[in-house]
Each structure stands twice: as C-alpha cells, then as structure tokens.
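> model this:
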Amino acid sequence: MATPSKPSDHFNAATTPGAPASGSTIAMDSITLTADLDALAKISAFITAAAERCGLDERATWQVQLAVDEAVTNVIQHAYDPDQPGDLTLSWQCRDHRFIITVRDHGRQFDPAAVPTPDITSPLEERQVGGLGIYLITRLMDEVRFEFSPQGGNLLTMVKYLPHDQPDPPDEVVVIPIADRIDAQTAPRLAKQASEQIAKGARQIVLDLSNVPFLSSSGLRALLLIRKELMTLGGELRLAALQPQVHEVFAITGFTQVFNIHPSVAEARAAFSQRR
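Numbers count the residues shown, from 1 in each chain. You can find the predicted model right below:
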C-alpha cells in the first residue's frame, strides 16, 4: 500500500502560486511513495496539479500524465521484487520556461539501450510485446535522460517545454551529408559520425543520402542503431533524398515503414516543425 510522504519528503519554493513559469524557478515539489500500483492514482493527481500550476495546457498536461505513468509503472514492475517493493521519488520544478520532472528509484539498474525498439508497423498479432513505455515517453516529452549511479540509483529526467518557450525545431536540425557507399566497411564510420553529433546535443538529425549509391544490410543496421540512440534521448532521425536503388533496399526490407523518409533535405527539415 502506498505510504503518504513525510513532511521531509516535500520541498516547495513557490513564490507565486498558480502563476505561469518565468525564467527563474518559481515552484517545485517532491513526493516519495512505495513503488506499488496503489501509488499510481496519487502520482497522477500530484503531477496533474503540478502541470496545471506551471501553465501547461490540457493536451500537454495529458502528455505529461501519460509519460509519468509509464515511467513509474516501469519502476513498480521492474525495479524491485514484487514482495519487497522499495520507494520511488517523483519531483518537479518550473525553471527557465521548462517543466522538469524526475523519477528516482534505488532498484535494479535500468539500461534503456537494452530495451528493444517497439514494432509499431506490423499487424497486431505479429508484434512483440515490450518497449512501448519508453517509446511513448520519448515521443511525448521534449527531453528525456536516463542516468544511474551506485549512490543515487536510477534517475529519469523528463522535460516539457512551456508553450511560449518551445524552440523552433528546424533551427535545431543537424543535417549530415553522406557521400559514399554504406556497407560493412563504412557503416561504423557513419554510426560514429552520428554519435558524435548526438554527444554534442543533436536530437533532430537528417541524413542526406543523395550521394549514396549503395546500401547493404550492414548500413541498415547502422541506421537502426542511430535511430535507437536518438529515440532513447527523445530525438528523431529522418532520411532524405534516397537514390532509387537505395530506396528499393528500404522497400524490400519493409524499412520504409520504420524510417521517416523524405524526397529532399528541405522537406525533412520542415517535417520536424510539424511533429506536434
């Protein structure tokens, strides 16, 4: 049974109750509960009130509700043994025009890279179960980060931009031009190039394949790894200007349903601004 948090479990630095967030922190709060299913209703009410207080509209509030529910459900179901549930701490704050949410637990170490990308294109009866929770979180929130330390445990940070401070997606798009075959020899270089951009903060990447005359299965695997790395961080990969023979490889393998493919770089860039 979920236990009410103690007074020490809460912190609140609100200066203007109910006011929308400004460039500095005006509100924050935290709650610690036993990680069992009985906690879900209380968590939902807690985060919904917080989202409304920070000025999120109805749709954004719903997105936050669902992302938090998926996150804490993962903790409840996988972090601890069913007969020995530990605690989870949910915190939020409005800061620098962002609604920032953290979920911390001290259960089993969570590795998001080990979670398979969900199949959302095959017929329902053919799909494998798993991965949908993280997929939803990365699609619903503007930033998602997973961290682990032996002292701090698992820490998930989710960020929702407040309406007036959402960045213009096309200005943040990184275009990587590729001018070579993508095969077993060159695919690792492509993966490394993309990972370097991601490490610098890129979350919206377009691969310009207009000068790629050949793509093998090794190339497809490299593209899948790049896509997965971006999705884990709440980002997205788009492909542009595929030559006919390269596009045919995607069509034969069914990957046209997996990747976002656009006729030109300009159309791929513009598509990011239409995501939400």
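
> in stretch 262-271, what's buried?
Along stretch 262-271, these residues count as buried under the neighbour rule (16 or more other CB atoms under 10 Å): His262, Val265, Ala268, Arg269, Ala271. All C-beta spots, glycine's among them, are computed from the backbone N, C-alpha and C.

> Please identify the buried residues of the helix or strand harbouring Ile43?
Element membership for Ile43, per DSSP states H and E: helix 40-53. The neighbour-count check on helix 40-53 (16+ other CB under 10 Å) flags Leu40, Ile43, Phe46, Ile47, Thr48, Ala50, Ala51, Arg53 as buried.

> Chain neighbours aside, what residue packs nearest to the fourth one?
When the adjacent residues along the chain are set aside, Ile47 lies closest to Val68, with 4.9 Å between them (CB to CB, 6 or more residues apart in numbering).

> Can you get me a residue count around the one you found?
Val68 is flanked by 27 other residues according to other CB atoms under 10 Å.

> what do you get for Asn211?
Count around Asn211 with other CB under 10 Å applied: 11.

> And Met231, by the same measure?
Neighbour tally, Met231, other CB under 10 Å: 21.

> what does Thr256 give?
17.

> hmm, back to that, in strands only, show me the buried residues of stretch 262-271.
Judged by DSSP state E, the subset of the buried residues of stretch 262-271 located in strands is His262.

> Pull the most distant pair out of the buried residues of stretch 262-271.
For these, the maximum inter-member distance is 10.7 Å, found between Val265 and Ala271 (CB to CB).

> The helix or strand just after the helix holding Ile43 - contacts with which helices or strands?
Using DSSP H and E, the next helix or strand after helix 40-53 towards the C-terminus is helix 58-74. With contacts taken as 3 or more CB pairs under 8 Å, 6 or more residues apart in numbering; DSSP states H and E, helix 58-74 sits against helix 40-53, strand 87-95, strand 98-105, helix 132-140, strand 153-161.

> where along the stretch 151-276 of the chain do the helices fall?
Counting by DSSP state H, counting those that start in this stretch, the stretch 151-276 of the chain has helices at residues 187-199, 217-232, 244-253, 265-272.

> Thr34 is nearest to which of these?
Of the helices of the stretch 151-276 of the chain, nearest to Thr34 by CB to CB is helix 217-232, at 28.1 Å.

> Poorly predicted segments of the stretch 1-150 of the chain, please.
1-26, 115-131 (pLDDT under 70).

> Please spell out which residues along stretch 96-103 are buried.
His97, Arg98, Phe99, Ile100, Ile101, Thr102, Val103.

> nearest residue to Val265 other than its sequence neighbours?
Ala240 (4.5 Å).

> Was I right to think that neighbour contacts Glu267?
Yes - using CB atoms under 8 Å, Ala240 is in contact with Glu267, at 7.1 Å.

> ok, back up a step: what angle do the helix holding Ile43 and helix 58-74 make?
150 degrees (axes from the mean of the first three to the mean of the last three CA atoms, to 10 degrees).

> any residues touching helix 40-53, and which ones?
2, 14, 17-18, 27, 29, 31, 33, 60-61, 64-65, 68-69, 72-73, 76, 90, 92, 94, 99, 101, 160 (CB atoms under 8 Å, 6 or more residues apart in numbering).
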